[in-house]
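# Just a sequence and a predicted model for now, questions to come.
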Amino acid sequence: MLIIGDTIYHIKWNSGYNYGYTLYKSSLSDSSVQTLDNDAVGMIVTGDWIYFYDLYHRLHRIRTDGTGRELLDPLNTVTFNVAGDWLFYHYNGLGIPDIEIVYVGK
């Protein structure tokens with residue numbers, strides 16, 4: 001869970017038929033809740049973007065308003081971080097650990 005200003009970004013596990021994780025955006029000021037994605041496991045929010053990986057450890061990003069979902073890497077992402085306009089992530093593709101550095105600025 002991340003709190004930025006009056007907004008909470010959080011992920012909830014869904015059990016049963018539609019199992020998985022759902023990414024929500026909730027407002028502290030008006031108690032509204034918006035579903036942003038139904039596949040997010042871990043996340044980082046920076047600027048207008050939420051970076052996350054899914055159940056299969058594929059790395060994605062989506063805008064904080066829920067639009068513009070992009071697959072950034074289909075490989076097995078292990079860890080990731082964002083610093084400024086740069087995305088750093090470690091993945092284990094084909095059994096060989098590797099580190100990628102990607103410019104994600106405008």
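Good, I have the coordinates. Numbers count the residues shown, from 1 in each chain.
# From here on, just use CA atoms for contacts and neighbour counts.
OK.
# gap between Ile44 and Arg61?
9 Å (CA to CA, to the nearest Å).
# what do you get for Lys25?
Taking CA to CA as the measure, Lys25 and Arg61 are separated by 15 Å.
# follow-up on the earlier one: identify the contacts common to Ile44 and Arg61.
Both Ile44 and Arg61 are contacted by 50-52, under the criterion CA atoms under 8 Å, 6 or more residues apart in numbering.
# between those, which is nearest Pro74?
Comparing these against Pro74 with CA to CA places Phe52 closest, at 12.1 Å.
# So between Ile44 and Arg61, which is more surrounded?
Arg61 (21 against 16; other CA atoms under 10 Å).
# elements contacting the helix or strand that contains that one?
Per DSSP states H and E, Arg61 falls inside strand 59-63. Packed against strand 59-63 by the contact rule (3 or more CA pairs under 8 Å, 6 or more residues apart in numbering; DSSP states H and E) you find strand 49-53, strand 70-73.
# gap between Ile3 and Leu59?
To Leu59, Ile3 is 22 Å away according to CA to CA.
# With Asp85 instead?
Going from Asp85 to Leu59 by CA to CA gives 16 Å.
# Leaving out sequence neighbours, find the closest residue to Asn14.
Spatial nearest neighbour of Asn14, excluding adjacent residues (CA to CA, 6 or more residues apart in numbering): Gly20 at 5.2 Å.
# pretty sure the one you found contacts Tyr56?
No: counting by CA atoms under 8 Å, Gly20 sits too far from Tyr56 to count as a contact (10.9 Å).
# Let me see the contact set for Thr35.
Residues in contact with Thr35 (CA under 8 Å, 6+ apart) are 22-25, 66.
# One more: Met43?
Met43 sits next to 50-53 when contact means CA under 8 Å, 6+ apart.
# pLDDT below threshold where in the protein?
16-18, 93-97, 106 (pLDDT under 70).
# For burial, what's the neighbour tally of the residue lying closest to His10 once chain neighbours are set aside?
Excluding its sequence neighbours, the residue lying closest to His10 (CA to CA, 6+ apart) is Met1, at 4.4 Å. If you count neighbours by other CA under 10 Å, Met1 ends up with 14.
# Much appreciated, bye for now.
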